[in-house]
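In: Below is the structure, and that's it, no one-letter string:
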């Protein structure tokens with residue numbers, strides 16, 4: 001594990017009434033400590049998990065539209081608003097890694113194909129943009145993710161079927177066996193959250209706090225739906 005702590009430089013913030021400092025989890029943030037090689041950020045949309053993950057990517061000097069330190073391309077609205085106000089504590093510091101955001105992956109895939117200069121050896125011999133969304137995600141994970149690195153992933157399940165999410169769990173497991181990889185993943189997926197011995201940090205209730213797998217709303221709601229589908233749909237559609 002490399003990244004040990006994120007600190008909000010509160011003395012630099014002029015107002016906690018303006019975005020992104022008005023987001024409750026940012027407003028109440030002082031320090032966030034990482035204790036596991038795999039950490040999940042969970043929470044409702046708008047809770048701030050992607051905002052914080054993007055700020056960490058910005059301080060790592062990764063392209064905040066997706067990529068690493070060597071990926072230079074522009075995507076609208078990809079600049080971090082929080083990166084200048086946090087400090088990262090490392091032991092040891094690493095510069096290798098990758099930031100993946102599902103919403104801008106198409107632009108990233110075009111950029112990576114261009115950098116590969118037509119060889120496509122890094123992606124299984126086929127251009128990323130000519131693969132399906134899920135296939136291109138998996139090609140990136142399986143061919144470009146290596147050891148001694150930090151990987152920041154924003155909702156990777158967006159392009160992955162349940163079966164591919166299980167394959168992705170195996171990718172994580174293989175990386176963890178090398179014992180020199182750290183992953184921070186923002187997700188809504190009950191499947192990904194099931195990775196063993198990971199730390200799950202909830203961004204709900206206006207604060208960042210540790211939670212257990214079975215206690216996450218994602219797991220509880222999914223389990224309830226599967227067990228009581230007819231009842232839940234009846235309540236949902238009742239006028």
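Out: Done, it's in. Values in this document were obtained by computation on a predicted structure and should not be read as measured data.

In: Select the longest helix from the chain.
Out: Looking across the chain with DSSP state H, the single longest helix is helix 162-177.

In: helices and strands around the helix or strand following it, which ones?
Out: Per DSSP states H and E, the first helix or strand lying C-terminal to helix 162-177 is strand 181-186. Other elements packing on strand 181-186 under the criterion 3 or more C-beta pairs under 8 Å, 6 or more residues apart in numbering; DSSP states H and E are strand 38-42, helix 49-59, strand 149-154, helix 162-177. To be clear about C-beta, it is placed using only N, CA and C from the backbone, and glycine gets the same treatment.

In: Could you give the average pLDDT over strand 181-186?
Out: Averaging pLDDT along strand 181-186 yields 96.

In: List the buried residues of the helix or strand just after it.
Out: Using DSSP H and E, the helix or strand that directly follows strand 181-186 along the chain is helix 190-193. By neighbour count with 16 or more other C-beta atoms under 10 Å, helix 190-193 contains the buried residues 190, 191, 192, 193.

In: picking that back up, using TSV, lay out the helices and strands packed on strand 181-186 together with distance to residue 224 and mean neighbour count.
Out: Listed next are the helices and strands packed on strand 181-186 as TSV, based on distance: least, C-beta to C-beta, whole Å; neighbours: other C-beta atoms under 10 Å:
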stretch	distance to residue 224	mean neighbour count
strand 38-42	17	23
helix 49-59	23	23
strand 149-154	26	23
helix 162-177	18	15
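
In: Reformat the ones you listed as CSV; add distance to residue 29 and mean pLDDT.
Out: Formatted as CSV, the helices and strands packed on strand 181-186 follow (distance: least, C-beta to C-beta, whole Å; pLDDT from 0 to 100):
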stretch, distance to residue 29, mean pLDDT
strand 38-42, 13, 98
helix 49-59, 8, 94
strand 149-154, 17, 94
helix 162-177, 26, 91
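
In: closest one to residue 2 among those?
Out: For residue 2, the closest of the helices and strands packed on strand 181-186 is strand 149-154, at 5.6 Å, according to C-beta to C-beta.

In: strands paired with the closest one, and their directions?
Out: With DSSP bridges as the test, strand 149-154 is paired with strand 97-101 (parallel), strand 181-186 (parallel).

In: Arrange these in TSV, one row each, with distance to residue 141 and mean neighbour count as further columns.
Out: Shown next, in TSV, are these (distance: least, C-beta to C-beta, whole Å; neighbours: other C-beta under 10 Å):
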stretch	distance to residue 141	mean neighbour count
strand 97-101	9	24
strand 181-186	11	24
